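Peer 1: what follows is a protein structure lacking sequence information:
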């Protein structure tokens, strides 16, 4: 630290706890202009200490007149590593892995090493190459969004002076540019799907393919996906301690959700009955009393689901075929496991549930995301609204005629 820097002090790093959120380390210091600053750094003490030293280092360079150019000379790889370390303290592990892979792929394609060398035109050309290679518009936007978010974080903590790609516009995303277009199931299709799922369990149980071992039914999983709106990865991590069958409430823990926030989802009486029966079947299949940490939804062999499985996809395809549901319709919209989540959103819209309630059930961080899947209404769902106009007109004409008579 230079002489001027010593006069301004070394600042104070303190741990701050607010409510039930993870404790943050807050750094209070005096910047190069003599202004007192207070910034929240990280939930990890070692990362916060590193960030605090970086802030003081930058202040000292600013006092010596070196910071204007020096801030943009930092290696991108170093900044990305610091960003990912902090991200790991506030996001789920899977999200951190996806962000890391995306950033590494983007940086590997750019002929630069330092922030100051990064130009918006480079990313525009990179995005064009990605689109030419066949990726969707959404994927191309995500590539740039990850880097933009990383550099915005660095600017906020004053690790770099400016974000060179802050104003780079995103490509427009709509139904026409979507590579994967899903559709929600109609009410008759939902009924046929559940009947086929129950029949699939019965047929396999009769076949005895597990050679005498008890088989765990999968019908409760399919019904839960349809009625809770939970993502597959969220639902398959639910433990018995997360289910309150007396109140009819399912807890999705923050460490398992995409948004990193817990949420409670109400479950219908019919599903509560299925889960009560499933709990008894688990005791028989596992050959021991259930523990609170045991998973609610198990594979047919009684193991925890670890991730997307070919066996699950084969079962899903069998059920769709038995129910007479096309995997891809004439408009190119497909039905996959995630479409069951979209189906709940459409069912909520059909019943007139407010958007804010659907957002809380689905766990979206942005109501725009809810609105996007909330609008998956079939033409028959909209017919009632149009017929309401004709009904209103008939009632009005009849009333006027009666008054005239």
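Peer 2: The structure has been received and is ready for your questions. Quantities reported herein were computed from a predicted structural model and do not represent experimental measurements.
Peer 1: isn't residue 112 up against residue 122?
Peer 2: Yes. If you go by CB atoms under 8 Å, residue 112 and residue 122 touch, sitting 7.2 Å apart. To be clear about C-beta, it is placed using only N, CA and C from the backbone, and glycine gets the same treatment.
Peer 1: give me the more crowded residue out of the two.
Peer 2: Applying other CB atoms under 10 Å to residue 112 and residue 122 shows that residue 122 carries more neighbours, namely 16 against 13.
Peer 1: strands along the stretch 101-250 of the chain, start to end?
Peer 2: Along the stretch 101-250 of the chain, the segments classed as strands by DSSP state E, counting those that start in this stretch run 243-244, 249-252.
Peer 1: who's in contact with the residue nearest the centre of the chain?
Peer 2: Central residue of the chain (CA atoms, centre = their mean): residue 258, 3.4 Å from the mean position. Residue 258 is in contact with 92, 95, 231, 233-234, 363, counting by CB atoms under 8 Å, 6 or more residues apart in numbering.
Peer 1: got a pLDDT number for it?
Peer 2: pLDDT, residue 258: 79.
Peer 1: tell me which two of the contacts of residue 258 sit farthest apart.
Peer 2: By the measure CB to CB, 95 and 363 form the most distant pair in the contacts of residue 258, at 13.8 Å.
Peer 1: who has more neighbours out of those two?
Peer 2: Taking neighbours as other CB under 10 Å, residue 95 and residue 363 compare with residue 363 leading, 21 against 15.
Peer 1: quick check: closest non-adjacent residue to that one.
Peer 2: Residue nearest to residue 363 in three dimensions, not counting chain neighbours: residue 263, with 5.0 Å by CB to CB, 6 or more residues apart in numbering.
Peer 1: residues contacting the one you found?
Peer 2: By CB under 8 Å, 6+ apart, residue 263 lies in contact with 251-252, 257, 360-361, 363.
Peer 1: at 10 Å what do you get?
Peer 2: The contact partners of residue 263, taken as CB atoms under 10 Å, 6 or more residues apart in numbering, are 229-230, 234, 250-254, 257, 360-363.
Peer 1: just these: which are in helices?
Peer 2: 234, 360-362 (DSSP state H).
Peer 1: I'd like those residues as CSV, with distance to residue 30, neighbour count and pLDDT appended.
Peer 2: Output for the ones in helices among the contacts of residue 263, formatted as CSV (distance: CB to CB, whole Å; neighbours: other CB atoms under 10 Å; pLDDT from 0 to 100):
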residue, distance to residue 30, neighbour count, pLDDT
234, 45, 20, 91
360, 43, 14, 88
361, 47, 20, 88
362, 46, 22, 86
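Peer 1: about what we covered before: which neighbours do residue 95 and residue 363 share?
Peer 2: Jointly contacting residue 95 and residue 363 under the rule CB under 10 Å, 6+ apart are 258-259.
Peer 1: winner for burial among the strands of the stretch 101-250 of the chain?
Peer 2: Highest mean neighbour count among the strands of the stretch 101-250 of the chain (mean count of other CB atoms under 10 Å): strand 249-252, with a mean of 20.
Peer 1: tally up the residues packed near residue 214, please.
Peer 2: 16.
Peer 1: report the contact partners of the nearest residue to it once chain neighbours are set aside.
Peer 2: Nearest residue to residue 214, sequence neighbours excluded (CB to CB, 6+ apart): residue 285, at 4.5 Å. By CB under 10 Å, 6+ apart, the residues touching residue 285 are 210, 213-217, 278, 298, 300-302.
Peer 1: residue 285 is in what secondary structure piece?
Peer 2: Assigned by DSSP states H and E, residue 285 belongs to helix 269-286.
Peer 1: how far is that helix from where the chain is centred?
Peer 2: In terms of CA atoms, centre = their mean, to the nearest Å, the centre of helix 269-286 is set 28 Å apart from its chain centre.
Peer 1: for stretch 25-36, same thing?
Peer 2: 35 Å.
Peer 1: any weak-confidence spans in the stretch 201-350 of the chain?
Peer 2: The model of the stretch 201-350 of the chain has pLDDT under 70 over residues 208-212, 307-308.
Peer 1: before we move on, back to that, from residue 140, how far off is the residue nearest to residue 363?
Peer 2: Plainly put, residue 263 is 31 Å away from residue 140 if you go by CB to CB, to the nearest Å.
Peer 1: do the same with residue 80
Peer 2: Residue 80 is 19 Å from residue 140, by CB to CB.
Peer 1: thought residue 304 was touching residue 282?
Peer 2: No. When contacts are counted by CB atoms under 10 Å, residue 304 is not listed as touching residue 282 (11.6 Å).
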